[in-house]
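A.B. asks: Following is a predicted model, sequence given first.
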Amino acid sequence: MIDGIMVAGATGLVGRTMLRILEERNFPAKELIAVASERSAGTSIPFRGKEVTVTTAEKALERRPGIALFSAGKEVSRIWAPAFAQSGCRVIDNSSCWRMDAGVKLIVPEINGHLLGRNDLLIANPNCSTIQMVMALAPLHRKFRLKRIVASTYQSVTGSGQKGLEQLGAERLARVGEKQAPAAGSIYPCPIDLNVIPLIGDLTPDGYTAEEIKMKEETRKILDDPGIRVSATTVRVPVEGGHCVAVNAQFVQPFSMDEVFALLGSFPGLVLNDGPGRTGFAVPREAGGTDPVYVGRVRRDTSAENTLDLWTVADNLRKGAALNAVQIAERLLDL
């Protein structure tokens with residue numbers, strides 16, 4: 001058991017989910033140190049039947065937590081994650097700040113948790129859509145070796161945080177005449193209700209968005225194969241929670257569908273909705289509040305050699321963020 005675990009961004013959507021999962025899994029820490037902005041400092045949040053006072057990162061550092069979970073944004077992580085790591089605290093960062101740093105491990109415990117060592121003081125948590133996609137592809141890659149991935153995401157508004165939820169809710173109320181419409185573009189470049197937006201993150205010079213680049217680079221790093229070709233289109237959809245990824249994956253080696261179903265059905269953290277003689281799939285409403293990555297619509301792509309199509313669904317706040325971070329923390333305690 002460690003003396004303290006810190007959650008930075010404790011009042012946000014992911015931070016609150018982290019607290020819930022720490023409680024659910026009875027994480028062995030004597031105290032919680034809840035960190036948020038100066039504006040939230042002094043407020044309280046419930047944890048294990050008690051009220052915990054929210055503090056600042058500066059004051060939390062003085063209390064020297066054993067593990068710190070960061071989900072307060074890239075700039076907060078850039079400044080404070082190294083400071084906590086230098087104090088001897090083990091930091092697990094949910095932002096994009098450190099993911100592609102050559103000296104920082106990017107971890108999905110079921111896939112590459114074995115890489116964690118006692119000397120790792122700063123560990124990166126991958127992007128939400130990347131996590132659920134590589135969870136489905138990792139067991140297949142080990143057997144047949146991935147050659148190329150084409151992915152299309154369907155990402156809920158909770159991927160944008162509390163403001164995304166609020167904008168969708170406000171637009172829906174405005175549509176039925178219960179509230180004034182929010183200012184256009186307050187979070188998204190256009191309305192999200194009754195709409196889909198094929199733009200998540202800033203555009204790069206080659207036409208891909210930052211979110212799409214994350215999926216490409218993080219997939220290669222997690223699977224330890226820089227040769228995998230990846231092309232992604234990331235889309236925001238008017239769903240409150242849960243992300244979906246439609247994946248077309250081409251492999252170097254041939255495969256049988258029986259082999260594919262056996263590998264997916266036995267991989268920890270996956271729930272296979274499909275199988276020989278049946279076609280199944282999950283949807284975000286079913287995945288909400290649950291921990292697995294669901295895989296369905298698994299089928300051979302008859303238009304290309306050694307190629308599969310599949311569909312993944314996961315709760316983006318849980319396995320896509322908070323749960324994965326807590327699982328990393330649990331692995332660190334076992335070292």
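C.D. replies: Received the coordinates, thanks.
A.B. asks: contacts, neighbours, all on C-alpha from now
C.D. replies: Will do.
A.B. asks: any chance you could map the helices in the protein?
C.D. replies: Read by DSSP state H, the chain holds these helices, from start to end of the chain: 13-24, 57-62, 74-86, 109-112, 128-144, 162-175, 210-222, 257-266, 284-287, 323-334.
A.B. asks: buried set for the longest one?
C.D. replies: If I follow you right, that is helix 128-144. Burial within helix 128-144, assessed by neighbour count using 16 or more other CA atoms under 10 Å, is assigned to 128-141, 143-144.
A.B. asks: same check, this time on the first one
C.D. replies: By neighbour count on 16+ other CA under 10 Å, the buried set for helix 13-24 is 13-22.
A.B. asks: again with the last one
C.D. replies: Residues 323-329, 332 are the ones in helix 323-334 that count as buried (16+ other CA under 10 Å).
A.B. asks: of all those residues, which comes closest to residue 207?
C.D. replies: Distance to residue 207, by CA to CA, is smallest for residue 324 among these, at 30.1 Å.
A.B. asks: That closest one and residue 108 touch, don't they?
C.D. replies: Yes: using CA atoms under 8 Å, residue 324 and residue 108 qualify as a contacting pair, with a distance of 6.6 Å.
A.B. asks: shared neighbours of the two, which are they?
C.D. replies: Taking CA atoms under 8 Å, 6 or more residues apart in numbering as the criterion, residue 324 and residue 108 both touch residue 125.
A.B. asks: returning to what we had before: please convert the buried residues of helix 323-334 to JSON lines, extending it with distance to residue 231 and pLDDT.
C.D. replies: Formatted as JSON lines, the entries for the buried residues of helix 323-334 read as follows, by distance: CA to CA, whole Å; pLDDT from 0 to 100:
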{"residue": "323", "distance to residue 231": "26", "pLDDT": "98"}
{"residue": "324", "distance to residue 231": "24", "pLDDT": "98"}
{"residue": "325", "distance to residue 231": "26", "pLDDT": "98"}
{"residue": "326", "distance to residue 231": "29", "pLDDT": "98"}
{"residue": "327", "distance to residue 231": "28", "pLDDT": "98"}
{"residue": "328", "distance to residue 231": "28", "pLDDT": "98"}
{"residue": "329", "distance to residue 231": "31", "pLDDT": "98"}
{"residue": "332", "distance to residue 231": "33", "pLDDT": "97"}
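A.B. asks: want to throw those into a markdown table with distance to residue 103?
C.D. replies: Supplementary listing: these in a markdown table, determined by distance: CA to CA, whole Å:
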| residue | distance to residue 103 |
| --- | --- |
| 323 | 23 |
| 324 | 20 |
| 325 | 18 |
| 326 | 21 |
| 327 | 21 |
| 328 | 17 |
| 329 | 19 |
| 332 | 17 |
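A.B. asks: and which of the residues you listed is nearest residue 252?
C.D. replies: When those are compared for distance to residue 252, the smallest value, 29.2 Å, is given by residue 324; criterion: CA to CA.
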